[in-house]
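K.L.:
sequence and predicted model, in that order:
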Amino acid sequence: MFAKLLPTNEATLDRAVRVVLGLVLIALAFVGPKTPWGFVGLVPLFTGAIGSCPLYTVFGFSTAPKQA
């Protein structure tokens, strides 16, 4: 059931970029302007960590390689 709800639809590079972007945004909440907006970085961090983007699923988009 979990695989249907959140299928893997992100390639390795996509996931790495999301994790780095998420960490940078979260760091801004502590080091940069220190606003709560930095916690928006939790979204790309979470989607990169699990390898599934809900918006990709809704729109039928995937950067993951095709499985044989």
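P.N.:
Yep, it's here. Numbering: from 1, shown residues only.

K.L.:
any stretches of the protein with poor pLDDT?
P.N.:
Counting by pLDDT under 70, the ranges of the chain that qualify are 1, 68.

K.L.:
flag every buried residue along the longest helix along it.
P.N.:
Counting by DSSP state H, the longest helix found in the chain is helix 12-30. Buried residues in helix 12-30, counted by 16 or more other C-beta atoms under 10 Å: 14-15, 18-19, 22, 25-26, 28-29. C-betas here are computed from N, CA, C, even on glycine.

K.L.:
how far does it sit from its chain's centre?
P.N.:
Relative to the chain's own centre, helix 12-30 is displaced by 8 Å; criterion: C-alpha atoms, centre = their mean, to the nearest Å.

K.L.:
name the helices or strands packed onto that helix?
P.N.:
Helix 12-30 is packed against helix 42-50, with contacts defined by 3 or more C-beta pairs under 8 Å, 6 or more residues apart in numbering; DSSP states H and E.

K.L.:
tell me the first helix or strand C-terminal of the helix it packs on.
P.N.:
helix 54-59 (DSSP states H and E).

K.L.:
I'd like the buried residues of helix 12-30 as TSV, with distance to Ala49 appended.
P.N.:
Output for the buried residues of helix 12-30, formatted as TSV (distance: C-beta to C-beta, whole Å):
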residue	distance to Ala49
Asp14	12
Arg15	8
Arg18	8
Val19	7
Gly22	8
Leu25	14
Ile26	13
Leu28	19
Ala29	18
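
K.L.:
between those residues, which is nearest Phe59?
P.N.:
Asp14 (14.6 Å; C-beta to C-beta).

K.L.:
for the closest one, list the residues it contacts.
P.N.:
Contacts here follow C-beta atoms under 8 Å, 6 or more residues apart in numbering; on that basis Asp14 touches 48, 63.

K.L.:
how about the one 3 residues further on?
P.N.:
Residues touching Val17, when contacts are defined by C-beta under 8 Å, 6+ apart, comprise Gly48.

K.L.:
again, only this time at 10 Å
P.N.:
Residues in contact with Val17 (C-beta atoms under 10 Å, 6 or more residues apart in numbering) are 10-11, 44, 48.
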